[in-house]
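Participant: Take this sequence and fold it.
(one chain, ligands or ions: 1)
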Amino acid sequence: MKRPIAIIGGSGVKSILKGEQKVLGTPYGPTPNLTIGEVEGRPAIFLPRHGEAHSDPPHKVNYRANIWGLKSLGVERIIATNAVGAIDQSLTPGEIVIPSDIVDVTKSRAGTFYEGSPVTHVDVSQPYCPREREVLAQSTASAGRRSPKDAVMACTEGPRYETPAEIKMLRTMGCHIVGMTGAPEVFLARELEICYASISFVSNMAAGLQRTLSAREVEEKGRETSQVLNKILAGAIASMPESRKDCPCGTALSQAQLKKEVVEVAQ
Ligand SMILES: [Zn+2]
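Facilitator: Here you go, the predicted structure:
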């Protein structure tokens, strides 16, 4: 039996999957209602990040329960979807971006599973699974859409949008897109040795690059884009390799925890 591939996303993406509904208990609280079924003949799970009724704002999402719950179902691969604003002015609303790196400027979120011993520092030199990024880029091209080769996502706390000065700062920091749900999700996945990549769609230009920002505009763009997103996701799931030997994700903890003798020397 192949391991299930999980999709984390909004309601527009849910239609890709039909199946059994399940809420899982975790040490961090319950998961949202998961849909467990198949995509392209492969076992798959859909997790609605903001809850079924889109009731959890980005800063209140229980990221740890979500990632823990998926791990407990045997998930080794996650594909996340995010709505983002464009900081890079060469991007336009409706475009697909597969981020290669992330700047975390959130403020209040529980960002780790390792609150105590063993002290654990996971390597995030490649925060997104390079193999999954490749598969997503190929599937995006097959759907007739382009995606920039490298793109840095900024993750802000929300739920408000950013100010023009914040966008200017994030641009100076090298960010191309900005969203509110990329972190700590990507890091929590790595802490549990799960491969994780994200497919983002540009719903609007960031603050200062268009007149105003409205949540309704973001939602409408999401609805418009959901068909092509579902096509890209289905293609990616169909061609995702089962083996994980050509990426660093599955062995992330092997070098992350201090050996007992090192801890003793440090003391
Ligand atoms: Zn990987």
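
Participant: which outside residues touch stretch 51-64?
Facilitator: With C-beta atoms under 8 Å, 6 or more residues apart in numbering as the contact definition, stretch 51-64 has outside contacts at 10-11, 26, 28-29, 31-33, 48-50, 106, 108-110, 113, 157-159, 180-181, 184-185, 188. Any C-beta I mention is one placed from the backbone N, CA and C, and that applies to glycine too.

Participant: Check which residues of it are buried.
Facilitator: Neighbour-count burial for stretch 51-64, with 16 or more other C-beta atoms under 10 Å as criterion, is recorded at Pro58, His59, Val61, Asn62, Tyr63, Arg64.

Participant: The residues you listed in helices, which ones?
Facilitator: In helices, defined here by DSSP state H, the members of those are Tyr63, Arg64.

Participant: that older thread, out of the contacts of stretch 51-64, list just those in strands.
Facilitator: When DSSP state E defines the strands, the subset of the contacts of stretch 51-64 inside them is Pro48.

Participant: ok, of the contacts of stretch 51-64, which come out buried?
Facilitator: Here the buried ones among the contacts of stretch 51-64, as counted with 16+ other C-beta under 10 Å, turn out to be 10-11, 26, 28, 31-32, 48-50, 106, 109, 113, 157-158, 180-181, 184-185, 188.

Participant: helix, strand or coil for Thr140?
Facilitator: State at Thr140, reduced to three classes by DSSP: H, G, I helix; E, B strand; the rest coil: helix.

Participant: That one: neighbour count?
Facilitator: Residue crowding around Thr140 was assessed by other C-beta atoms under 10 Å; the count is 22.

Participant: In space, what's closest to it - neighbours in sequence excluded?
Facilitator: Ser147 (4.7 Å; C-beta to C-beta, 6 or more residues apart in numbering).

Participant: Quickly note the distance from that neighbour to the ion.
Facilitator: When distances are taken as C-beta to the ion, to the nearest Å, Ser147 and the ion turn out to be 18 Å apart.

Participant: my guess is that residue meets Pro99, correct?
Facilitator: No: with contacts counted by C-beta atoms under 8 Å, Ser147 stays clear of Pro99, the gap being 9.9 Å.

Participant: Looking at those two, which is more packed in?
Facilitator: Neighbours per residue, other C-beta under 10 Å: of Ser147 and Pro99, the larger number sits with Pro99, 29 against 19.

Participant: Not including adjacent chain positions, what is the nearest residue to that one?
Facilitator: Using C-beta to C-beta, 6+ apart, the closest residue to Pro99 is Met153 (4.1 Å).

Participant: same question, Tyr128
Facilitator: Ranked by C-beta to C-beta, 6+ apart and with sequence neighbours excluded, the top spatial neighbour of Tyr128 is Ala197, at 4.7 Å.

Participant: counting contacts, what elements does the helix or strand where that neighbour lies pack onto?
Facilitator: Taking DSSP states H and E as the definition, Ala197 sits inside strand 195-205. When contacts are defined as 3 or more C-beta pairs under 8 Å, 6 or more residues apart in numbering; DSSP states H and E, strand 195-205 packs onto strand 77-86, strand 96-97, helix 130-142, strand 177-179, helix 185-191, helix 215-239.

Participant: In JSON lines: the ones you listed, plus distance to Asp246 and mean pLDDT.
Facilitator: Output for those, formatted as JSON lines (distance: least, C-beta to C-beta, whole Å; pLDDT from 0 to 100):
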{"stretch": "strand 77-86", "distance to Asp246": "13", "mean pLDDT": "95"}
{"stretch": "strand 96-97", "distance to Asp246": "23", "mean pLDDT": "96"}
{"stretch": "helix 130-142", "distance to Asp246": "6", "mean pLDDT": "97"}
{"stretch": "strand 177-179", "distance to Asp246": "26", "mean pLDDT": "97"}
{"stretch": "helix 185-191", "distance to Asp246": "16", "mean pLDDT": "98"}
{"stretch": "helix 215-239", "distance to Asp246": "14", "mean pLDDT": "87"}
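
Participant: what about the residue in the stretch 1-150 of the chain that the ion sits nearest to, distance to Asn66?
Facilitator: With C-beta to the ion as the measure, the residue in the stretch 1-150 of the chain that lies nearest the ion is Cys129; the distance is 3.1 Å. Using C-beta to C-beta, to the nearest Å, one gets 17 Å for the distance from Cys129 to Asn66.
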